[in-house]
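Participant: need a structure here:
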Amino acid sequence: MNGQKIILKIIALFSVVRGYNLIVLILAQYLAALFIFAPEIGHRQLLTNPRLDGIILCSILCVAAGYIINNFYDLEKDELKRPLQVYLQKQVSQGFKLTVYIVLNTTALVIAALISWKVFVFFLAYQFLVWFYSHKINRFALIKNFYLVIIRVMPFFALLVYFDNFSYNLALHAVFVTILFLITDIVKDLTSQKADLIYNYDSIPIKYGIDFTKVLIASLLLIDILIGFIIIYKNDVGAMKYFFIGADVCFIILFFMIWKLKTSQEYKILHYFFKGMIVAGVFSIVLIEINPLTLQTIAQNFNKRIN
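Facilitator: Here you go, the predicted model:
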């Protein structure tokens, strides 16, 4: 196998596991640990904690494996939705994908067992839930949306299990993010109606209609707007409040705009907007503690680890 084919297969595998999402997840978990789950613990201590590294590595391995098994089951449907991306992903055989899937999950469980039996049980359950989603749940409207959102936020519950630190402020953040994920996934259903119909996948727009879907999205937007107001009013998030102010302004505008959207392209733009909001929310976590000296310390500790 020549060098070009190897590089192409690596790129294809990176696309299958959605490496760009994994990078965002790594950042999100470290930032959440530093500023939300355990702000009272020194940043140096957290960034040199092998158990925390192990939990985040387990999360990444399991999520990557989840993307692989989802790709395995949904390849035909994705071929209609994302033909160029699927063409690239077909450079890696289905058999090789399954091998990587098994290796990733097994490696995650070995690491989890070395951390603690609780972490092992957590990730074992997580792997089953991810597989069950791809095998059965993703064909059922509404159920699959709520189920998928639970799967997406579960890596952060692993941090909660580890730090054993639950608070009212944390609950507000968790609900806000969970609803944002849910809105994003429902909007995604609006973009894939044609493929869902062809391959007999139930989705909210197909089963309940476009109007019901928009009412549901608008209702969820209202809930997140309310939660955003509460977080801003409490003012316990430092400069991150400006993210919630911006999010609330955007959500209020979208609450009135969503009724006018009709085309698949408009739904795709809306979907990418919500994905962008999630990424912006991840990076805005650092604004909770904007002290330049603190950020400098974090950067120095991180540089020491990678050098």
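Participant: Who are the contact partners of the residue sitting nearest the centre point of the chain?
Facilitator: Per CA atoms, centre = their mean, the C-alpha nearest to the average position across the chain is that of residue 152, at 4.9 Å. Counting by CB atoms under 8 Å, 6 or more residues apart in numbering, residue 152 touches residue 181. All C-beta atoms are positioned from the backbone trio N, CA, C, and that covers glycine.
Participant: ok, then the element right after the helix or strand in which it is found?
Facilitator: Assigned by DSSP states H and E, residue 152 falls within helix 143-163. Downstream of helix 143-163, the next assigned helix or strand under DSSP H and E is helix 168-191.
Participant: What residues sit buried inside that next one?
Facilitator: 170, 172-174, 176-191 (16 or more other CB atoms under 10 Å).
Participant: Could I get the buried residue list for the following helix or strand past that helix?
Facilitator: The C-terminal neighbour of helix 168-191 among helices and strands, as given by DSSP H and E, is helix 193-198. Neighbour-count burial for helix 193-198 flags 193, 195, 196 (criterion: 16+ other CB under 10 Å).
Participant: of those residues, closest to residue 18?
Facilitator: Within the buried residues of helix 193-198, the smallest distance to residue 18 is 18.0 Å, found for residue 195 (CB to CB).
Participant: Might one say that residue 239 is in contact with residue 246?
Facilitator: No - with contacts counted by CB atoms under 8 Å, residue 239 stays clear of residue 246, the gap being 11.8 Å.
Participant: What residue, apart from its backbone neighbours, is nearest residue 71 spatially?
Facilitator: Leaving aside its sequence neighbours, residue 71 sits nearest to residue 16 (CB to CB, 6 or more residues apart in numbering; 5.1 Å).
Participant: roughly how far apart are that neighbour and residue 276?
Facilitator: For residue 16, the distance to residue 276 (CB to CB, to the nearest Å) stands at 23 Å.
Participant: just residue 240 next, same as before
Facilitator: 17 Å.
Participant: again, but for residue 14
Facilitator: To residue 276, residue 14 is 21 Å away according to CB to CB.
Participant: Also residue 10?
Facilitator: Using CB to CB, one obtains 27 Å as the distance from residue 10 to residue 276.
Participant: contacts for stretch 252-271?
Facilitator: With contacts defined as CB under 8 Å, 6+ apart, stretch 252-271 is touched by 184, 187-188, 190-191, 193-194, 214, 217-218, 221-222, 225.
Participant: And this structure, what are its domain boundaries?
Facilitator: By the assignment in automatic domain parsing, the chain contains the domains 1-164, 167-289.
Participant: Would you single out the least confident of those?
Facilitator: Note on the domains of the chain: domain 1-164 shows the lowest mean pLDDT, a mean of 84.
Participant: tell me which element the residue lying closest to residue 101 once chain neighbours are set aside falls in.
Facilitator: In space, and not counting its chain neighbours, residue 101 is closest to residue 68: 4.5 Å by CB to CB, 6+ apart. Under the criterion of DSSP H and E, residue 68 resides in helix 50-81.
Participant: swap in residue 129?
Facilitator: Assigned by DSSP H and E, residue 129 falls in helix 117-135.
Participant: name the helices or strands packed onto that helix?
Facilitator: Counting by 3 or more CB pairs under 8 Å, 6 or more residues apart in numbering; DSSP states H and E, the packing neighbours recorded for helix 117-135 are helix 50-81, helix 94-115, helix 143-163.
Participant: The second one versus helix 117-135: what angle between them?
Facilitator: Which is helix 94-115. Helix 94-115 and helix 117-135 are oriented at 160 degrees to each other (axes from the mean of the first three to the mean of the last three CA atoms, to 10 degrees).
Participant: Can you show me the CA trace of helix 94-115 as PDB?
Facilitator: Listed next in PDB are the C-alpha coordinates belonging to helix 94-115 (Å, rounded to 0.1, in the frame of the first residue of the first chain):
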ATOM      1  CA  GLN A  94     -16.800  -2.100   6.800                       C
ATOM      2  CA  GLY A  95     -14.800  -5.000   8.300                       C
ATOM      3  CA  PHE A  96     -12.000  -2.700   9.200                       C
ATOM      4  CA  LYS A  97     -14.500  -0.300  10.800                       C
ATOM      5  CA  LEU A  98     -15.900  -3.000  13.000                       C
ATOM      6  CA  THR A  99     -12.300  -4.100  14.000                       C
ATOM      7  CA  VAL A 100     -11.500  -0.500  15.100                       C
ATOM      8  CA  TYR A 101     -14.900  -0.300  16.900                       C
ATOM      9  CA  ILE A 102     -14.000  -3.400  19.000                       C
ATOM     10  CA  VAL A 103     -10.500  -2.200  19.700                       C
ATOM     11  CA  LEU A 104     -11.600   1.300  20.800                       C
ATOM     12  CA  ASN A 105     -14.300  -0.100  23.100                       C
ATOM     13  CA  THR A 106     -12.100  -2.700  24.600                       C
ATOM     14  CA  THR A 107      -9.300  -0.200  25.200                       C
ATOM     15  CA  ALA A 108     -11.700   2.200  26.900                       C
ATOM     16  CA  LEU A 109     -13.000  -0.600  29.200                       C
ATOM     17  CA  VAL A 110      -9.400  -1.600  30.200                       C
ATOM     18  CA  ILE A 111      -8.500   2.000  31.000                       C
ATOM     19  CA  ALA A 112     -11.800   2.500  32.900                       C
ATOM     20  CA  ALA A 113     -11.200  -0.700  35.000                       C
ATOM     21  CA  LEU A 114      -7.700   0.700  36.000                       C
ATOM     22  CA  ILE A 115      -9.400   3.900  37.300                       C
END
